[in-house]
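In: A structural model of the following input is requested.
(chains A and B)
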Amino acid sequence: MRAVWSFWTKPFEYDRGSAWYSGKHHLLSWILSLEAARRHYPRTCLITDSAGARMLVDGLGLEFETVSTCLDRLRHCHPDWWALGKLHAYRRQEAPFVHIDSDVYLWNRLPSRLETAAVFAQSPESFPFEGESWYRPGACVEALESGGGMVPEEWRWAVARRCDRAACCGIFGGCEVEFIRYYADLGIRSVEHPDNQAGWMRLGGNMADNLFIEQYSLIACIEFHRRARGRFLRRLNMRYLFPGPQEAYDPACARKAGYTHLIGAAKRHPVLARRLEARVKADFPERYESCLRYLSRAGRR
Amino acid sequence: MLNKIEYQTSFTVGLDRCAITGVEPADSRLGASTVVTVRGRFLADAVDVTFPEDRVSTAVLDAAEDWIRVRLNISPDSMTGPHHFHVLTLRGVIESADFGVCFQVRPLEEGRAPGKREAGGGLDYGGMETGIGGDLL
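Out: You can find the predicted model right below:
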């Protein structure tokens, strides 16, 4: 199984860099994410743009087996759509893979029930369909429809059933790459389709709609195609590393899985930032030094 | 040799030999999100578990020959009482009602507001300041 990371620099430079305690910690996280996973998955791939390759490969010296700068094609896309980089990485896969967010560290190899699954993700999650939530699938579909936009039938179907589930994709992958490419393509086209721009504008800026495109759409596609009994039915088993958010946030369960995800505000937590730096310095001293040199050079420019 | 015959038989078994023998735990409350284990026979190729009453949604977490682990999200406006369910396998649909098995949805606990989520069951990335497995760093 190949380990894949993606890094579209435009959203990072626009806003998302502020998600981290500091720019240094963002780079340290890249070091730890790659080096931890590479022990289990020596075949590694980075999907990025030219600026990302300059930062991570030329600057930091990270050694991926393959590097693609295909995300250069996103230079005209709005940086609010940070999930586009991930979806493009998913769509390029032609063999079983695991996509690992750069704030995820795999201390253990993934269990075989995940490695052999058609599709897998970190953990299922649910939300109040009409209450306060990052997810607003009903509003998204309504806005696109009212603007005469392109709305995937999978989304219509899920919203009609008031589907209130999604999959947290700190890790995401699987063996059924034909389906994964289909699902990723659906999300990309829905964001980029000219007929949808009025609808997305009407919704107003909401970075969390990326979660709808990536995490809600995944469950909508899986459940729709299971019931449609079409070309994907026989192959769509979905597995999770954790059975639910309660277990994911249970330290004992995370320890058993050998899994760390600095999700959300954890990236800015000062104690975790200190631990991250100490860990990289101790376990990967050469990489740590290269990070400091890169920051020093970048500071002089 | 006996093992080989049994092994082959497990691949050729018809839907009529599949069975649902129970569900553990057999009940939960409105608004709950819970993991249950469906017990039975020849369930390894289960791809989905569905409740005809749409207000109970499901996600299959894992499956083996004699069990399926499923997360149930029971909407606060679901119907209380016994619910039969279906197991969708690659060979067809098994109905729990055919085996006298049902899952009970119980009313809300007193004083608990409809729609309120179980602790940790909702989505609040902003409040999850310690992340997942932060102590492993």
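
In: count of neighbours near residue 28?
Out: No chain specified, so I'll use chain A. 25 (other Cβ atoms under 10 Å in any protein chain shown). Heads up, the C-betas are built off the backbone N, CA and C, glycines and all.

In: wait, chain B
Out: Neighbours of residue B:28 (other Cβ under 10 Å): 18.

In: what does it show for phi and psi?
Out: phi -160, psi -180 (degrees, to the nearest 10).

In: likewise for residue B:27?
Out: Dihedral angles (degrees, to the nearest 10) for residue B:27: phi -150, psi 160.

In: so which helix or strand takes in the nearest residue to it once chain neighbours are set aside?
Out: Of all residues beyond its chain neighbours, the one nearest residue B:27 is residue B:104 (3.7 Å), with distances taken as Cβ to Cβ, 6 or more residues apart in numbering or on different chains. Element membership for residue B:104 (DSSP states H and E) is strand B:103-106.

In: which parts of the chain are strands?
Out: Picked chain A for this. A:2-7, A:44-48, A:66-68, A:97-100, A:104-106, A:119-126, A:165-174, A:238-240, A:259-261 (DSSP state E).

In: can you look at chain B instead?
Out: For chain B, applying DSSP E gives strands covering B:19-24, B:27-29, B:33-41, B:46-50, B:56-64, B:67-74, B:81-83, B:86-89, B:92-95, B:103-106.

In: quick one: the helices in the stretch 101-250 of chain A?
Out: A:112-115, A:137-146, A:153-160, A:177-192, A:197-203, A:209-211, A:217-228, A:245-248 (DSSP state H, counting those that start in this stretch).

In: could you dump those helices to CSV with mean neighbour count, distance to residue A:262 and mean pLDDT?
Out: Listed next are the helices of the stretch 101-250 of chain A as CSV, based on neighbours: other Cβ atoms under 10 Å in any protein chain shown; distance: least, Cβ to Cβ, whole Å; pLDDT from 0 to 100:
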stretch, mean neighbour count, distance to residue A:262, mean pLDDT
helix A:112-115, 16, 21, 94
helix A:137-146, 19, 27, 93
helix A:153-160, 18, 29, 94
helix A:177-192, 20, 24, 96
helix A:197-203, 17, 28, 88
helix A:209-211, 23, 17, 90
helix A:217-228, 22, 22, 88
helix A:245-248, 22, 13, 85
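
In: so, low pLDDT: which residues of chain A?
Out: With pLDDT under 70 as the threshold, chain A has low-confidence stretches at A:15-17, A:131-132, A:205-207, A:229-235, A:300-301.

In: check it for the residue nearest chain B and tell me.
Out: When scored by Cβ to the nearest Cβ, chain A has residue A:266 as its residue closest to chain B, at 2.9 Å.

In: hang on, the earlier thing: out of the strands of chain A, which comes closest to residue A:216?
Out: With Cβ to Cβ, the closest approach to residue A:216 among these belongs to strand A:165-174: 4.4 Å.

In: how about that closest one and chain B, touching?
Out: Yes. Counting by Cβ under 8 Å from any Cβ of the partner chain, chain B has neighbours in strand A:165-174: A:165, A:166, A:170.

In: can you name the residues bridging to residue 68?
Out: I went with chain A, as the question did not name one. Note on residue A:68: beta-bridge partners residue A:47, judged by DSSP bridges.

In: meant chain B actually
Out: For residue B:68, the beta-bridge partners under DSSP bridges are residue B:38, residue B:63.

In: which ones are touching it?
Out: B:37, B:38, B:40, B:43, B:46, B:49, B:60, B:62, B:87 (Cβ atoms under 8 Å, 6 or more residues apart in numbering or on different chains).

In: residues contacting the nearest residue to residue A:167 once chain neighbours are set aside?
Out: Among residues not flanking residue A:167 along the chain, residue A:121 sits closest, at 3.9 Å (Cβ to Cβ, 6+ apart). By Cβ under 8 Å, 6+ apart, the contact set of residue A:121 is A:167, A:168, A:169, A:170, A:171, A:172, A:215, A:218, A:238, A:240, A:241.
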